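Student: Sequence and predicted model, in that order:
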Amino acid sequence: MKRTWLKLFLTILMLFPIGIAQAQEGQPDGPVYIVQAGDNLWGISQRFGVSIDELASKNDLSDPGQLTIGMQLVIPGLDGLQGVLTTQDIPFGESLWSLSRRYEIPLGLMVRLNKYTSPESTAAGSSLILPEPDDEEKSLLPQGDRVTLESQQSLLEVSILQGTNPWDIMSRNELTSVWEALPGETLHFPGDDVGPGALPDTISTALADDLPVIQGQTLSIKLSAPPDMILRGEITGKQLNFFLDEDNIWKAIQGIHVMLEPGYYPLTLNGSLPDGTDFSFSQIVYVSDGNYPYDPPLAVDSVTVEIENTTQEDLMWKEIVSPVTPERLWTGIFSSPVPAVYSDCFPSKFGHRRSYNGSNYDFFHSGLDFCGQIGTDIYAPADGVVVFTDPVIVRGNATVIDHGWGVYTAYGHQSEILVNVGDQVEKGQLIGRVGETGRVSGPHLHWEVIAGGVQVDPLQWLAREFP
């Protein structure tokens with residue numbers, strides 16, 4: 001359930017004040033982090049949201065190499081607090097409120113430790129600062145069943161159904177009265193199962209792969225939820241299309257545009273539960289800079305860079321890859337579309353910034369270029385259906401294959417196209433031959449992977465299985 005800003009900050013003000021702990025002799029002047037194997041000063045500074053200079057100064061470190069396993073580092077900026085701190089990545093499906101409940105940490109302390117200014121600060125995949133629990137607490141946290149209050153259902157009724165004391169529930173969920181919990185709110189109860197605390201209890205798991213997201217990468221989202229519920233979503237203005245896979249997991253795949261400005265963006269989910277109750281959820285995800293390099297300026301046929309021609313082809317391309325086929329046709333990792341001798345030879349990779357005929361670097365490379373000679377074989381990297389085969393100005397002789405679920409691959413600059421629209425192709429099937437048609441400076445294969453209408457890095461699809 002999404003709480004209002006006013007309620008959040010009023011609740012923080014109502015919490016007991018955090019006392020100023022007096023540092024005793026021999027006690028560190030502030031909360032500490034215990035250095036672990038593989039730690040370095042830069043990584044620790046990023047996890048705790050402080051600068052390297054602040055961290056080094058606070059701990060009298062003149063050389064980053066002074067770090068040793070087991071060393072206690074005082075974390076600056078948290079004056080008045082004591083104890084041992086740890087960090088972990090914030091899971092997808094959580095909010096500031098649910099994290100406070102999950103770890104049984106007062107909301108005010110959670111806000112202060114993490115220097116939060118709003119609930120939107122809890123970005124999935126970002127670092128969460130927590131007090132290190134003792135051995136007994138470690139055996140208990142994080143644990144607990146989740147129960148979502150139904151319409152007209154009270155906390156007293158739920159406590160009876162769960163066989164627990166309503167006052168214990170109030171304490172665990174930081175409620176000041178039995179009437180404060182509202183319909184649609186997810187509460188934590190003692191138990192053995194932990195799920196996404198800000199989502200309805202019918203969604204038992206929620207995963208978002210590869211966080212934080214990088215420009216030009218593919219995001220995969222998986223939800224364990226009943227098959228008869230309705231799921232929708234959106235990220236960076238793109239609709240998430242959820243499909244129930246053969247393993248009864250709801251899955252969605254969406255590309256993040258390579259030119260999207262790095263920053264924080266909401267990932268929203270909404271829909272209807274099996275009983276018809278509507279739900280909505282939003283969590284921030286961070287899109288980081290892909291640090292794509294700049295290719296040397298290219299000299300090409302001027303016709304292939306005229307705005308009228310490129311705009312027309314981009315619009316046509318968008319229309320070709322817009323349909324979302326509800327059947328997933330591929331399985332496993334995509335294979336290389338060229339013979340093994342060329343499979344790791346790339347004249348230019350995806351996302352590289354480009355300049356044509358002396359232009360500004362306003363262009364980006366929308367695919368992965370493979371080396372090859374005119375006539376080199378091109379193979380289908382996965383099963384699919386051919387939806388386009390024609391010459392176009394920029395990509396030359398081009399082919400597009402629909403692999404289902406909004407995933408497409410495209411092949412440009414071919415000398416020959418060996419398939420037709422409507423053909424069902426299998427992984428490894430010969431579909432064309434390398435050429436130098438369209439906007440080129442020499443023979444090669446231009447290979448695109450499109451997910452949710454957005455061109456993404458093909459190397460990611462050659463390295464791991466989606467979804």
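Tutor: Everything's here; your move.

Student: Burial check on the nearest residue in space to Gln254 that is not next to it in sequence, number of neighbours?
Tutor: Leaving aside its sequence neighbours, Gln254 sits nearest to Gly452 (Cβ to Cβ, 6 or more residues apart in numbering; 4.0 Å). All C-beta spots, glycine's among them, are computed from the backbone N, C-alpha and C. The number of residues packed near Gly452 is 25, by other Cβ atoms under 10 Å.

Student: got the contact list for Gly452?
Tutor: Contact analysis of Gly452 by Cβ atoms under 8 Å, 6 or more residues apart in numbering lists 238-241, 253-255, 406.

Student: how about the residues you listed in TSV, adding secondary structure and distance to His413?
Tutor: Below are the contacts of Gly452 laid out as TSV (DSSP: H, G, I helix; E, B strand; the rest coil; distance: Cβ to Cβ, whole Å):
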residue	secondary structure	distance to His413
Lys238	strand	28
Gln239	strand	31
Leu240	strand	32
Asn241	coil	30
Ile253	strand	27
Gln254	strand	27
Gly255	strand	22
Gly406	coil	25
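
Student: Can you tell me which of these comes closest to Phe48?
Tutor: The closest of these to Phe48 turns out to be Gln254 (Cβ to Cβ; 31.1 Å).

Student: This protein - how does it break down into domains?
Tutor: Using automatic domain parsing, the domain parsing of the chain gives 5-138, 205-288, 302-463.

Student: and the contacts of Gly452, which are buried?
Tutor: By neighbour count, with 16 or more other Cβ atoms under 10 Å, these hold 238, 240-241, 253-255, 406 as buried.

Student: Which member of those is positioned nearest Ser355?
Tutor: Each of these was checked against Ser355 using Cβ to Cβ; the closest is Gly255, at 24.2 Å.

Student: wait, what's in contact with the residue lying closest to that closest one once chain neighbours are set aside?
Tutor: Spatial nearest neighbour of Gly255, chain neighbours left out: Val454 (3.2 Å); criterion: Cβ to Cβ, 6+ apart. Residues in contact with Val454 (Cβ under 8 Å, 6+ apart) are 238, 254-257.

Student: from these, which two are the most distant?
Tutor: Of all pairs in the contacts of Val454, the most separated under Cβ to Cβ is Gln254 and His257 at 10.3 Å.

Student: pLDDT of stretch 255-264, averaged?
Tutor: The average pLDDT within stretch 255-264 is 95.

Student: for stretch 42-55, that is, sorry about that
Tutor: Mean pLDDT, computed over stretch 42-55, is 90.

Student: Could you list the buried residues of that stretch?
Tutor: Across stretch 42-55, burial judged by 16+ other Cβ under 10 Å covers 44-45, 47-48, 50, 55.

Student: same thing with stretch 222-241?
Tutor: Within stretch 222-241, the residues scored as buried using 16+ other Cβ under 10 Å are 222-225, 229, 231, 233-236, 238, 240-241.

Student: which one of the residues you listed is nearest Ala340?
Tutor: Set against Ala340, the nearest of those by Cβ to Cβ is Lys222 (32.4 Å).

Student: Now find how far off-centre the helix or strand that contains that closest one is within its chain.
Tutor: Using DSSP states H and E, Lys222 maps to strand 218-224. For strand 218-224, the distance from its own C-alpha centre to the chain's C-alpha centre is 8 Å (Cα atoms, centre = their mean, to the nearest Å).

Student: on contacts alone, who are the packing partners of that strand?
Tutor: With contacts taken as 3 or more Cβ pairs under 8 Å, 6 or more residues apart in numbering; DSSP states H and E, strand 218-224 sits against strand 205-208, strand 230-235, strand 250-255.

Student: Now render the ones you listed as JSON lines, adding distance to Pro262.
Tutor: Converted to JSON lines, the helices and strands packed on strand 218-224 look like this (distance: least, Cβ to Cβ, whole Å):
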{"stretch": "strand 205-208", "distance to Pro262": "17"}
{"stretch": "strand 230-235", "distance to Pro262": "14"}
{"stretch": "strand 250-255", "distance to Pro262": "16"}
